[in-house]
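>>> Have a look; sequence and predicted model below, questions after that.
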Amino acid sequence: MKKIAVLLSGCGVYDGTELHESVLALLEITRAGASYQCFAPNIPQFHVINHFTGEVQENETRNVLVESARIARGDIKAVDELDIAEFDALVIPGGFGAAKNLCDFAIAGAEHVVEPSIKQFISQFSEAAKPVGFICISPVMIPQFYPLGVKGTIGSDVGTAAAFEQQGGQHKAALVDEVVVDEEHKVVSTPAYMLAGDILEAHSGISKLVAKVLEMA
């Protein structure tokens, strides 16, 4: 049985992991006969958003690992607990947490950097030539882990695509139900809620991404 690591970034689209994307990915991994283990960094969230009002909660702080445990039903590990030998591939759902907690793209744009514990975590997969699937906004991190010219997609947003290329990647525009595959580096990406209007559209690309990642594993 193939075992897939799933990297979460909190709980909630505006300050953490996009829940639909994460649950759909977990479902597709399981339906394909593989197993998964969720991971998250044990760090404070960038900030906390009230998902009902959209307002920043100025006096509230939350921990990314603790919040991610909500999605994983408590079965989650800190990223520094990874034993790369146990895993065949990695999948990273999106949500603003990927751009605020895993890296600082939401603040720094093309000059963003990946959070150190996340850098070490994802690097273990790229260095071992194990497939990684990046969903939604998480593909902005791809150029940080692979050689110049690595292919990926965030959909069709011009500004984000330009930042991807400024970091050294080769951006490929894609529709919501498409995936972009870099066979050489074993990288798969799909736009999901960068383009999706509903959960069904998000699922159309995520299902293909998981299937391709498992095929490459």
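Arrived safely, thanks for sending.
>>> Got phi/psi on A129?
The phi and psi values for A129, taken as degrees, to the nearest 10, are phi 60, psi 40.
>>> how close does it get to V187?
11 Å (C-beta to C-beta, to the nearest Å). Just so you know, the C-beta spots here come from the backbone N, C-alpha and C atoms, and that holds for glycine as well.
>>> okay, the two: which has more neighbours?
Using other C-beta atoms under 10 Å, the more surrounded residue of A129 and V187 is V187, with 25 against 10.
>>> Provide the partner residues of the more buried one in its beta bridges.
V187 has these beta-bridge partners by DSSP bridges: V132, D182.
>>> Could you pull up the residues touching it?
By C-beta atoms under 8 Å, 6 or more residues apart in numbering, the contact set of V187 is P131, V132, F134, I142, Y146, V150, K151, G152, V181.
>>> In PyMOL, how would I select the buried members of these?
Filtering the contacts of V187 down to the buried ones (16 or more other C-beta atoms under 10 Å) takes a single PyMOL command:
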select buried, resi 131+132+134+142+146+150+151+152+181
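>>> May I see the contacts of V187 arranged in TSV, with pLDDT as well?
Listed next are the contacts of V187 as TSV, based on pLDDT from 0 to 100:
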residue	pLDDT
P131	98
V132	98
F134	98
I142	98
Y146	98
V150	98
K151	98
G152	98
V181	98
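>>> Pick the one among the contacts of V187 closest to K172.
K151 (5.7 Å; C-beta to C-beta).
>>> I'd like to know how far the residue lying closest to the closest one once chain neighbours are set aside sits from G169.
Leaving aside its chain neighbours, K151 sits nearest to D182 (4.1 Å; criterion: C-beta to C-beta, 6 or more residues apart in numbering). Distance of D182 to G169, given as C-beta to C-beta: 9 Å.
>>> quick one, which of the two is more surrounded?
The neighbour comparison of D182 against G169 (other C-beta under 10 Å) goes to G169, with 28 against 20.
>>> Tell me the secondary structure at the most far-flung residue of the chain relative to its centre.
Computed with C-alpha atoms, centre = their mean, the residue of the chain farthest from its C-alpha average is N59, at 27.5 Å. Three-state assignment for N59 (DSSP: H, G, I helix; E, B strand; the rest coil): coil.
>>> who touches it in this structure?
Contact analysis of N59 by C-beta under 8 Å, 6+ apart lists nothing.
>>> Would you check how far apart it and G12 are?
18 Å.
>>> V179 is in contact with L209, correct?
Yes. The criterion here is C-beta atoms under 8 Å, and L209 meets it with V179 at 5.1 Å.
>>> Overlap of the contact sets of these two?
V188, S189, T190.
>>> dump the residue contacts of the first one.
So that's V188. Contacts of V188 (C-beta under 8 Å, 6+ apart): P131, V132, G133, F134, V179, V180, V181, D182, L209, K212, V213, M216.
>>> how much space between it and K130?
12 Å.
>>> quick one: buried residues of stretch 117-132?
S117, I118, K119, F121, I122, Q124, F125, S126, K130, P131, V132.
>>> Oh, that last question was meant for stretch 29-36, not what I typed.
Those would be I29, A34, Y36, for stretch 29-36 by 16+ other C-beta under 10 Å.
>>> again, but for stretch 47-65
H47, V48, I49, R62, V64, L65.
>>> As a check, name the ranges of all helices in this structure.
Ranges of helices within the chain are 19-31, 64-71, 96-100, 105-108, 116-127, 158-166, 199-216, based on DSSP state H.
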